[in-house]
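Novice: pasting a predicted model and its sequence here:
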Amino acid sequence: MKIKVGVNGYGTIGKRVAWAVMKQPDMELVGVVKRKPNWEVLSAVKKGIPVYTLEESVRDFERRGIDIEGTLDELLSKVDVIVDSTPGGVGKTYKEVYRKAEVKAIFQGGEKSDIAEVSFNSFVNYREALRKQFVRVVSCNTTGLVRIIHSLSEAGTIRKIRGVIVRRGADPKEIKKGPIDALILNPAKPPSHHTIDVKKVMGELDIITYAVVAPTTLAHLHYLLVEFKEPKNREEILKHISNNSRVVIVNGDLLKSTVEVRELAKDMGRPNGDVYENVIWEDSIWVNNKEVMLAYAVHQEAIVVPENIDAIRAVTGVIEDPQESIKITNNTLGIKGWI
Ligand code: NAD
């Protein structure tokens, strides 16, 4: 029996998760909920995905001549899991609706951590999320941080982590957002919220992150300084990072920017030029005794998609072994195979 999945909020994250669900051999996409009959619904219609809406929006869809399958409540009566990908802060208004419908829900990083029993990352705490009703997949930057810190922690005990996160100002579709010409300290006083979120997933760590918002839409860029208890060499660091099945390592002579990384992803046939992996510049890896520094890109629109897919399996409990789920997700999304 396939896991029946619905997606509430068919925007940047929702449409990607819906597409990824359709690729899974053990899942069925029952439908997506679109609040407004705007341009974003057209791709669902074209792909034959059943479109649901909110009770109060039914007439708007009728006026536009867009067929709908039913309302959110009707979708909830048909699914095992709903992936809530409504805008940050909106998900919490649905928690009781999901509870009443006895449906498991995956929330996104824009919600506060107390919305769910587990703040999730596939590599760190998949088993904690087994059969839970509410799980939250942490934000794009936090997912990127957690993957790297987890990989490095396999190389030895980490004493402290210091990071600078250069955040994209907006997603490409967000025509009203900025900045167009500024760097905004986010906030000036550390830590940025990512520090707190990393600890929600990984437990107590000596970590401080700064963040700055930059006028770019394609990806975030992180610089991390990690200090180990024992001296490390470059080879062991490289080995542990490349062991992570959602990290790719690129050459800085070949790819010098986030633009080239995204463009290459498009050239290689990735849908929307999506990059699910952390992209680490090999040349940026600097190892000096106990200190390691490195730089990597995070494609904000895509990095949380595989984690959402694994979270769906975890809450249903159909697959208990994280590596088994990660393998299926990676294979179906072509992770690491494109570069
Ligand atoms: P989005 O604005 O692109 O999509 C949200 C969708 O939800 C839109 O289609 C909107 O019309 C719809 N919506 C709005 N109110 C609704 C309601 N009351 N009921 C149902 N649908 C409603 O947002 P997004 O970027 O996909 O973000 C979704 C979540 O994912 C947020 O929590 C965000 O923080 C998180 N997230 C976003 C990114 C990113 O870079 N975009 C990355 C990681 C996590």
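Specialist: Looks like it came in fine.
Novice: from now on I want contacts and neighbour counts done on CA atoms only, so please keep to that.
Specialist: OK.
Novice: so what's the closest residue to the ligand within the stretch 51-200 of the chain up against?
Specialist: Closest to the ligand within the stretch 51-200 of the chain is residue 110: 3.2 Å, counting by Cα to the nearest ligand atom. Residues near residue 110 by Cα atoms under 8 Å, 6 or more residues apart in numbering: 87, 88, 89, 138, 139.
Novice: now swap in residue 58 and tell me
Specialist: So residue 58 contacts 68, 71 (Cα under 8 Å, 6+ apart).
Novice: and it, which helix or strand is it part of?
Specialist: Using DSSP states H and E, the element containing residue 58 is helix 58-64.
Novice: in that helix, what counts as buried?
Specialist: Within helix 58-64, the residues that qualify as buried are 58, 61, counting by 16 or more other Cα atoms under 10 Å.
Novice: with stretch 68-83 instead?
Specialist: For stretch 68-83, a neighbour-count test (16+ other Cα under 10 Å) marks 68, 69, 70, 71, 72, 75, 76, 79, 80, 81, 82, 83 as buried.
Novice: that stretch and the ligand, are they touching?
Specialist: No: if you take Cα under 6 Å from any ligand atom as the test, stretch 68-83 misses the ligand, and the best it gets is 8.5 Å.
Novice: now do that stretch: everything it contacts.
Specialist: 3-8, 14, 30-31, 33, 50-55, 58, 61, 98, 101, 103-107, 308, 312, 316.
Novice: narrow these to those in strands?
Specialist: 3-8, 30-31, 33, 51-53, 104-107 (DSSP state E).
Novice: restrict the residues you listed to contacts with the ligand.
Specialist: Among these, proximity to the ligand is found for residue 8 (Cα under 6 Å from any ligand atom).
Novice: could you identify the most distant pair in the ones in strands among the contacts of stretch 68-83?
Specialist: Greatest spacing in those, by Cα to Cα: 3 and 53 (21.4 Å).
Novice: just want the most central residue of this structure.
Specialist: Nearest to the mean C-alpha position of the chain, by Cα atoms, centre = their mean, lies residue 304 at 1.3 Å.
Novice: for that residue, what are phi and psi?
Specialist: The phi/psi pair for residue 304 (degrees, to the nearest 10) reads phi -80, psi -10.
Novice: again with residue 208
Specialist: Dihedral angles (degrees, to the nearest 10) for residue 208: phi -140, psi 130.
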